[in-house]
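Engineer: Build the 3D model from these lines:
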Amino acid sequence: MTDPISDFLTRLRNAGKAQLEECVIPHSTLKEAIASILKTEGYILDHSNSADAAGHKTLVVKMKYVDGTSAITGLTRVSSPGRRLYYRYTEIPRVLNGLGIGILSTSRGLMKDADCRRNKAGGELICNVW
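Structural biologist: Next up is the predicted model:
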């Protein structure tokens, strides 16, 4: 797999469109950090770790729905393995004029865009969520 983060975002997008209760994804610490940001922002209900039949770690994400529609309206991958996009804290683009969030990988760990501006930390823009 070339881009596991893109696969993670696509699985979340597809689970929301298919109205699935939960989504099972291969585990990594970066994916778990993205899921924790999505949980604190209210886009998903919860996430947990488990192991599948072969003993591989998996990340189980419980999807959140509001009036029968997914809480995640849109989810796009911004930076890719072939084209990394880095921003200074003053240049971080706003997602839907502040209605969505951008998730950045900084030297201080994964942060949402508002926290990056507040802490004056730039980094690689991973994805946008609204």
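
Engineer: how about the strands of this structure, start to end?
Structural biologist: 22-26, 44-51, 57-63, 65-66, 69-70, 75-77, 86-87, 101-106, 109-112, 123-129 (DSSP state E).

Engineer: Excluding sequence neighbours, find me the nearest residue to the residue nearest the centre of the chain.
Structural biologist: For the chain, the residue lying nearest the average C-alpha position, counting by C-alpha atoms, centre = their mean, turns out to be Ile34 (4.2 Å). With sequence-adjacent residues excluded and distances taken as C-beta to C-beta, 6 or more residues apart in numbering, Ile34 is closest to Ile103, at 6.0 Å. No exception for glycine: its C-beta is placed from N, CA and C like everyone else's.

Engineer: Surely that neighbour is in contact with Leu110?
Structural biologist: Yes - under the criterion of C-beta atoms under 8 Å, Ile103 is in contact with Leu110, at a separation of 6.3 Å.

Engineer: what sits in contact with each of the two?
Structural biologist: Between them, Ile103 and Leu110 share the neighbouring residues Ile34, Ile37, Ile126, with contact defined by C-beta atoms under 8 Å, 6 or more residues apart in numbering.

Engineer: With respect to Ala54, which of those is nearest?
Structural biologist: In terms of C-beta to C-beta, no member of these lies closer to Ala54 than Ile34, at 23.8 Å.

Engineer: My read is that that closest one contacts Leu110, right?
Structural biologist: Yes - here Ile34 lies in contact with Leu110, judged by C-beta under 8 Å, at a distance of 6.6 Å.

Engineer: what residues are shared contacts of these two?
Structural biologist: Taking C-beta under 8 Å, 6+ apart as the contact rule, the neighbours common to Ile34 and Leu110 are Ile103, Ile126.

Engineer: relative to strand 123-129, how tilted is the lengthiest helix in the chain?
Structural biologist: Residue-count comparison of every helix in the chain, with assignments taken from DSSP state H, identifies helix 4-17 as the longest. Relative orientation of helix 4-17 versus strand 123-129 (axes from the mean of the first three to the mean of the last three C-alpha atoms, to 10 degrees): 20 degrees.
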